[in-house]
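Peer 1: structural data only, the sequence is not supplied:
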């Protein structure tokens with residue numbers, strides 16, 4: 001169980017966390033296309049309450065290339081996001097072609 005998070009209210013929040021590792025042949029343009037696509041998600045999908053993403057700044061051996069976190073009011077809102085056409089399109093068209101590995105978890109925050 002997570003400790004209370006500053007800024008959370010008394011309702012449960014579903015947090016979605018994804019780590020992506022791109023293959024060695026992924027070009028700078030392909031990587032930027034993923035970032036550009038991620039930037040469109042909050043406006044495209046009303047179910048998203050909070051959305052943050054960023055690339056690894058250290059380049060340390062074994063680190064993932066990109067992390068994404070998104071908060072949703074409940075599991076239904078997360079599932080709406082997961083199946084939304086804009087999200088599925090981003091994954092299919094921009095992420096999967098350069099994806100080497102992925103890790104994800106969805107968990108409940110309360111605070």
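Peer 2: Done, it's in. Every value quoted in this text rests on a predicted model; they were computed, and no experiment measured them.
Peer 1: OK, contacts around residue 90?
Peer 2: Residue 90 makes contact with 34, 37-38, 40-41, according to CB atoms under 8 Å, 6 or more residues apart in numbering. The C-beta positions use only the backbone N, C-alpha and C, and glycine is treated the same way.
Peer 1: among those, which one has the most neighbours?
Peer 2: residue 34 (25 neighbours; other CB atoms under 10 Å).
Peer 1: quick one: it and residue 95 touch, right?
Peer 2: Yes - between residue 34 and residue 95 there is a contact under CB atoms under 8 Å: 5.7 Å.
Peer 1: find residues that contact each of those two.
Peer 2: Common contact partners of residue 34 and residue 95 (CB under 8 Å, 6+ apart): residue 20.
Peer 1: the longest helix belonging to the chain: how far from the chain's middle?
Peer 2: In the chain, with assignment by DSSP state H, the single longest helix is helix 28-44. The chain centre lies 11 Å from the centre of helix 28-44; the measure is CA atoms, centre = their mean, to the nearest Å.
Peer 1: what of stretch 91-104?
Peer 2: That offset, for stretch 91-104, works out to 11 Å (CA atoms, centre = their mean).
Peer 1: and for residue 86, nearest residue in space, chain neighbours not counted?
Peer 2: residue 44 (3.9 Å; CB to CB, 6 or more residues apart in numbering).
Peer 1: so who does the one you found touch?
Peer 2: Going by CB under 8 Å, 6+ apart, the list of residues near residue 44 reads 84, 86-87.
Peer 1: neighbours around residue 22, how many?
Peer 2: With other CB under 10 Å as criterion, residue 22 counts 20.
Peer 1: so what's it scoring on pLDDT?
Peer 2: Looking at residue 22, its pLDDT is 98.
Peer 1: sorry, back to before: for the record, mean pLDDT for the longest helix of the chain?
Peer 2: Mean predicted lDDT for helix 28-44 stands at 98.
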